[in-house]
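Colleague: Everything below, folded, please.
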Amino acid sequence: MTFNGKFVLQSRQNYKEFLDAIGVSQVELQNEDIVTEFYQKDFIRITKYWGNENVSNTFLLNKRAEIEDLDGTTFETTVKMDGGKIKIEFPKYVYTAEISGDTLTEINSIPGGITNKMISKRVTE
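Modeller: A predicted model of the protein is given here:
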């Protein structure tokens, strides 16, 4: 499966608790619609939009890449594909993304802590 498409957030679980745990301001993220765009060719680009803000990360699978977190910090990691899911190990949590039909499921898990699940639906332009 290729990771392409634009998705609008439909539901989220434990989002406020997750943001609190990683130290990201909820004021900016909590009340905004979140749009996630995936683009895959030789590389993968994930862009998240909320309000007037966005974070975009471009990487090759299984290669070291510089990734930006929601709070604007950057770090190096190796992005992997694990069972059809993109997996990124952030310093404070693990992110996975899976596209099934027109549904994007994103899970942010803090080891030994909170798990945030977000479900988004594909939109056509």
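
Colleague: Buried residues in the helix or strand where Ile46 lies, which are they?
Modeller: For Ile46, the host element (DSSP states H and E) is strand 44-50. Residues of strand 44-50 classed as buried by neighbour count (16 or more other C-beta atoms under 10 Å): Ile44, Ile46, Lys48, Tyr49, Trp50. The way it works is simple: take the backbone N, C-alpha and C, and place the C-beta from them, glycine included.

Colleague: As TSV, these with distance to Thr78 and pLDDT would be great.
Modeller: Output for these, formatted as TSV (distance: C-beta to C-beta, whole Å; pLDDT from 0 to 100):
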residue	distance to Thr78	pLDDT
Ile44	13	94
Ile46	15	95
Lys48	20	91
Tyr49	25	90
Trp50	26	83
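
Colleague: Past the lowest-mean-pLDDT helix or strand in the chain, which element shows up next along the chain?
Modeller: Of all helical and strand segments in the chain, the minimum by mean pLDDT, DSSP states H and E falls on helix 26-29, at a mean of 54. Once the chain leaves helix 26-29, the next helix or strand it forms, by DSSP H and E, is strand 34-40.

Colleague: Could you pull out the buried residues of that following strand?
Modeller: Ile34, Val35, Thr36, Glu37, Phe38, Tyr39.
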